[in-house]
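**Q** Sequence and computational prediction follow.
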Amino acid sequence: MMNIASPSRAPAPGTTAPAIRARSLKAVRGHRTVLRGLTFTVPRGQITGLLGPSGCGKSTLMRAVVGTQAKVTGTLDVLDHPAGTPALRSRIGYVTQDPSVYDDLTVRQNLEYFAAVLSPGPAAAARRREDVTRAIADVDLTAHADALAGNLSGGQRNRVSLAVALLGAPELLVLDEPTVGLDPVLRRDLWDLFHTIATERGTTILVSSHVMDEAERCHRLLLMRAGEILADDTPEALRTRTGSATVEEAFLHLVDAANAASHPQPREPQTP
Amino acid sequence: MNTHAPLATAPPAAPDAPGPRFTPFLFRTLATAARVLRQLRHDPRSIALLVLVPCVMLLLLRYVFDGSPRTFDSIGASLLGIFPLITMFLVTSIATLRERTSGTLERLLAMPLGKADLIAGYALAFGALAVVQSALGTGLALWGLGLDVTGSAWLLLLVALLDALLGTALGLFVSAFAASEFQAVQFMPAVIFPQLLLCGLFAPRDTMQPVLDGLSDVLPMSYAVDGMNEVLRHPDITGDFVRDAVIVAACAVLVLALGAATLRRRTT
């Protein structure tokens, strides 16, 4: 079992506006409404966990925040700008579910390229070098820096992808299931890293997961189900409110309650 | 030499910090081109195939037409223009398809990278490769196989380079319509073969059935081959050569612009 440290209270954000503010956010993919009018905020400098079963719309929501999702309606402000504004592109680090790196480049070459996209030009070369070295160290891949990304394991490639998102010290990190396929030790190390980034660098982190024990390490949780937000609270408050011992239990409790509300009669009477 | 730049511990940059705003678009293009070439460098077999196959084909052709060197002159010169088009088409369509399917395109477009940076980067990298390929092919044909060209070898190289750019542009464009590498490869016969048949390589264009002759007038490869033939027959730059080169270049730019339109920052 993983040793789960209880999250330290993040410093109160004070007067700063939330990092993400959504009102009546809807998204359509094909003929399916994936997000059904979400309203929520994500505070700055904290780790907000986005949890829910696969297919509930977590990735679509994250893509909307990053500005790569088409057919999004409603209000979505990210770092005080409408989501997808060009000015936001260098301020958000984004990790997709599958590692988005070049398999035929080494770890360092991957990072060097993305760093050159973020801060181009020979004037920034020294800063880029430091940034790349730090990002590789952050995800604990220094020993593999000169290995081809394609020759790494799935978990290692995920970490290369994460390192790319850490380049340029973004104000907001959007991480889509960054710990999938990692062993417990690495998962703990990554969550320690997320906490370091949030507390020491003041970065806001929106991280999705379907592993509920990771939820305990978030400052706030957004529980999603079928394109709707089921709960938006701290892990303690969720447990207290539902009288559950763990977030997993609290989540199941809320899902059952929601199911009961949407299907009042479990057994359909035979219609003539 | 360099100032110490703020590291991660520094507060997040202000939204209008002097960053991307002052950096010319050129650097991102160059970084992209360098990255594409670095990727290729890890794949020496592809480079060898790209560079050697045209040479082997020319060698083969030379001895297929052992008895009629005139025919070799004409077909050989045309092929010097056609090879770069075909190989760059294939390489680009697969490379950009990979970029789309691996998620790196989505990541890049979520970063401060312009579509033009990406496309120009690809065109630059594959253009450089095409120069090497064409230089070797032209050198071998002219000095190794006795290809008899009246005009300048530099003009042959120029047309070959323009053809390579056209191939890159077409490959980039069709990759938007391919969902897999299987489909991307099938676009080669669909897009390239009709042009190959109608470009005047097999029969002079004006002797074709009038509808086909008219059709060949709107296919860019026809002008690539015409341009090569102008160099073959005339010692100086002719007006027709300039027209052919401009048409091929304009087609390349037009198709590159169409290719840029297929890169979407927001996808469903």
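**A** Noted; the coordinates are in hand. Quantities reported herein were computed from a predicted structural model and do not represent experimental measurements.
**Q** Contacts only, for the closest residue to chain A within the stretch 101-250 of chain B.
**A** Closest residue of the stretch 101-250 of chain B to chain A, Cβ to the nearest Cβ: residue B:103 (3.4 Å). (Each C-beta comes from the backbone N, C-alpha and C, glycine too.) Going by Cβ atoms under 8 Å, 6 or more residues apart in numbering or on different chains, residue B:103 touches A:96, A:98, A:99, A:100.
**Q** Repeat the analysis, applying 7 Å as the threshold.
**A** Residues in contact with residue B:103, defined by Cβ atoms under 7 Å, 6 or more residues apart in numbering or on different chains, are A:96, A:98, A:100.
**Q** Give me the buried entries from these.
**A** If you count burial by 16 or more other Cβ atoms under 10 Å in any protein chain shown, the buried members of the contacts of residue B:103 come out as A:96, A:98, A:100.
**Q** so which of those also contact chain B?
**A** With Cβ under 7 Å from any Cβ of the partner chain as the criterion, the buried ones among the contacts of residue B:103 include A:96, A:98, A:100 near chain B.
**Q** Go through those residues and name the one nearest residue B:73.
**A** Nearest to residue B:73, judged by Cβ to Cβ, of those is residue A:100 at 49.4 Å.
**Q** Name the SS class of the closest one, please.
**A** coil (DSSP: H, G, I helix; E, B strand; the rest coil).
**Q** what's the answer for residue A:22, then?
**A** Under three-state DSSP, the three-state class of residue A:22 is strand.
**Q** Can you tell me how far it is from residue A:184?
**A** From residue A:22 across to residue A:184, the span is 33 Å (Cβ to Cβ, to the nearest Å).
**Q** In terms of neighbours, single out the busier of these two.
**A** Set side by side, residue A:22 and residue A:184 show more neighbours around residue A:22, with 24 against 12, by other Cβ atoms under 10 Å in any protein chain shown.
**Q** Compute the distance between the residue of the stretch 101-250 of chain B closest to chain A and residue A:220, please.
**A** Distance, residue B:103 to residue A:220, using Cβ to Cβ: 27 Å.
**Q** Equivalent analysis for residue A:77, please.
**A** Remark: distance between residue A:77 and residue A:220 (Cβ to Cβ) = 18 Å.
**Q** mind checking which helix or strand residue B:32 is in?
**A** Using DSSP states H and E, residue B:32 falls within helix B:25-41.
**Q** Tell me the helices and strands packed up against that helix.
**A** In this structure, helix B:25-41 makes packing contacts with helix A:107-118, helix B:115-139, judged by 3 or more Cβ pairs under 7 Å, 6 or more residues apart in numbering or on different chains; DSSP states H and E.
**Q** Excluding chain neighbours, give the residue nearest to the spatially most central residue of chain B in space.
**A** The centroid of chain B falls nearest to residue B:164 when counting by Cα atoms, centre = their mean (2.7 Å). In this structure, residue B:164 finds its nearest non-sequential neighbour in residue B:130, 3.0 Å apart by Cβ to Cβ, 6 or more residues apart in numbering or on different chains.
**Q** Spit out the contact partners of that neighbour.
**A** Taking Cβ under 7 Å, 6+ apart, one finds B:84, B:88, B:160, B:161, B:164 in contact with residue B:130.
**Q** what residues are up against residue B:99?
**A** Counting by Cβ under 7 Å, 6+ apart, residue B:99 has contacts residue B:105.
**Q** er, residue A:100 I mean
**A** Residue A:100 touches A:161, B:102, B:103, B:104, B:106, B:107, counting by Cβ under 7 Å, 6+ apart.
**Q** Residue B:248 now?
**A** Residue B:248 touches B:162, B:163, B:166, B:220, B:223, B:224, B:227, counting by Cβ under 7 Å, 6+ apart.
**Q** Skipping adjacent residues, who's closest to the fourth one in space?
**A** Once its chain neighbours are removed from consideration, residue B:220 has its nearest residue in residue B:251; the separation is 4.0 Å (Cβ to Cβ, 6+ apart).
**Q** From chain A, how far off is the closest residue to residue B:232 other than its chain neighbours?
**A** Leaving aside its sequence neighbours, residue B:232 sits nearest to residue B:77 (Cβ to Cβ, 6+ apart; 4.5 Å). Per Cβ to the nearest Cβ, to the nearest Å, residue B:77 is found 35 Å from chain A.
**Q** For chain A, give me the ranges with low pLDDT.
**A** For chain A, the stretches flagged by pLDDT under 70 are A:1-15, A:264-272.
**Q** for it, what spans make up the helices?
**A** Listed in chain order, the helices of chain A (DSSP state H) span A:58-66, A:107-118, A:125-138, A:154-166, A:184-201, A:212-215, A:235-242, A:247-262.
**Q** now the stretch 51-200 of chain B
**A** With DSSP state H, counting those that start in this stretch as the criterion, the stretch 51-200 of chain B has helices at B:69-101, B:104-109, B:115-139, B:153-174, B:181-187, B:193-198.
**Q** picking up where we left off before, tell me how many other residues crowd the residue nearest to residue B:232.
**A** So residue B:77, with other Cβ under 10 Å, has 27 neighbours.
**Q** before we move on, what about the one 5 residues further on?
**A** Neighbour count of residue B:82, defined by other Cβ under 10 Å: 25.
**Q** Could you report the separation of it from residue A:139?
**A** Residue B:82 sits 47 Å away from residue A:139, going by Cβ to Cβ.
**Q** Over to residue A:226?
**A** Counting by Cβ to Cβ - residue A:226 and residue A:139 are separated by 33 Å.
**Q** which of the two has more neighbours?
**A** Applying other Cβ under 10 Å to residue A:226 and residue A:139 shows that residue A:139 carries more neighbours, namely 24 against 17.
**Q** just checking, that one touches residue A:163?
**A** Yes: here residue A:139 reaches residue A:163: they are 4.6 Å apart, a contact under Cβ atoms under 7 Å.
**Q** Pull the contacting residues for the residue nearest to residue A:112 when sequence neighbours are not counted.
**A** Sequence neighbours aside, residue A:132 is the residue nearest to residue A:112 in space, at 5.7 Å (criterion: Cβ to Cβ, 6+ apart). Applying Cβ under 7 Å, 6+ apart to residue A:132 gives the contacts A:108, A:111, A:112, A:115.
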